[in-house]
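[1] no sequence on hand, only this structure:
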């Protein structure tokens, strides 16, 4: 897959005021010294995921109108972004990506990429409810889409309230909008969170989910939006986005 194709796939699941960068193959860098220290001793596979994820993050920062900067790692393994920026990194076999937006546009952003293959039965039975699975036509293997949407939503929730207060994957309810769900399709999904969490004041209006199935992958994003964010003028440049001189 060409880098331009990977970028286009990621763009398809991002709101217009977010930017991202993606690629299908690994790159050796460059990394900032502090980033290089974070992957010392890692095996080749993990080093490739980490290095290429940071490469995507640096490229996304430039597309947001910022200089490349070191992206650290928090105590739960989460990326640490420069002040005023929200973001997420994901990787799976054949795809690495980072997505960013300004903090004034949203409360949290999460992305996920998965190889488009059936979920193992033990994972499906533990994380996907019968109600969720029943909304998907059985011929489209929708459980992988539901799983990826949960991953993206969990990243957004944990970025907002922390891992200790975020709902478990099994407790997040994904409602995929009706339509085509098979390979080559794309669409939106909603998220319901249990009341007994740190997200008690949020409801489905605050969660905006997008998904796409293409090139053997499932890509999803989940944004926890600020009121009026969807109507705001985009602030970020990059392929396929409107450029504004405003700075959020």
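    Perfect, thanks for sending it. Since the model is a prediction, treat every value here as computed from it, not as a measurement.
[2] stretch 102-118: end-to-end distance?
    Terminal residues of stretch 102-118 lie 35 Å apart, using Cα to Cα, to the nearest Å.
[3] could you pull out the helices for the chain?
    3-11, 33-38, 44-63, 121-127, 130-134, 143-161 (DSSP state H).
[4] I'd say residue 13 and residue 211 touch.
    Yes. With contacts counted by Cβ atoms under 8 Å, residue 13 reaches residue 211, the gap being 6.2 Å. Any C-beta I mention is one placed from the backbone N, CA and C, and that applies to glycine too.
[5] any shared contact partners between these two?
    Listed as contacting both residue 13 and residue 211 by Cβ atoms under 8 Å, 6 or more residues apart in numbering are 186, 219-221.
[6] just give me the closest of those residues to residue 34.
    residue 221 (27.3 Å; Cβ to Cβ).
[7] quick one, strands of the protein?
    19-23, 72-73, 79-80, 85-92, 95-102, 106-115, 173-176, 186-192, 207-214, 217-225 (DSSP state E).
[8] of all those strands, which one comes closest to residue 63?
    Going by Cβ to Cβ, the one of the strands of the chain nearest residue 63 is strand 19-23, 4.2 Å.
[9] same list (the strands of the chain) but as CSV, adding mean pLDDT, distance to residue 157 and mean neighbour count.
    Rendered in CSV, the data for those read as follows (pLDDT from 0 to 100; distance: least, Cβ to Cβ, whole Å; neighbours: other Cβ atoms under 10 Å):
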stretch, mean pLDDT, distance to residue 157, mean neighbour count
strand 19-23, 97, 20, 28
strand 72-73, 92, 19, 15
strand 79-80, 93, 16, 14
strand 85-92, 96, 12, 23
strand 95-102, 96, 16, 27
strand 106-115, 95, 7, 23
strand 173-176, 89, 13, 20
strand 186-192, 90, 9, 18
strand 207-214, 93, 9, 23
strand 217-225, 94, 7, 27
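[10] low pLDDT regions in the chain?
    Flagging of the chain using pLDDT under 70 yields the residue ranges 137-141, 163-164, 195-205, 227-248.
[11] hmm, what's the outermost residue in the protein?
    residue 41 (26.8 Å; Cα atoms, centre = their mean).
[12] and residue 26, how far from residue 207?
    32 Å (Cβ to Cβ, to the nearest Å).
[13] partners of residue 186 in the sheet?
    residue 212 (DSSP bridges).
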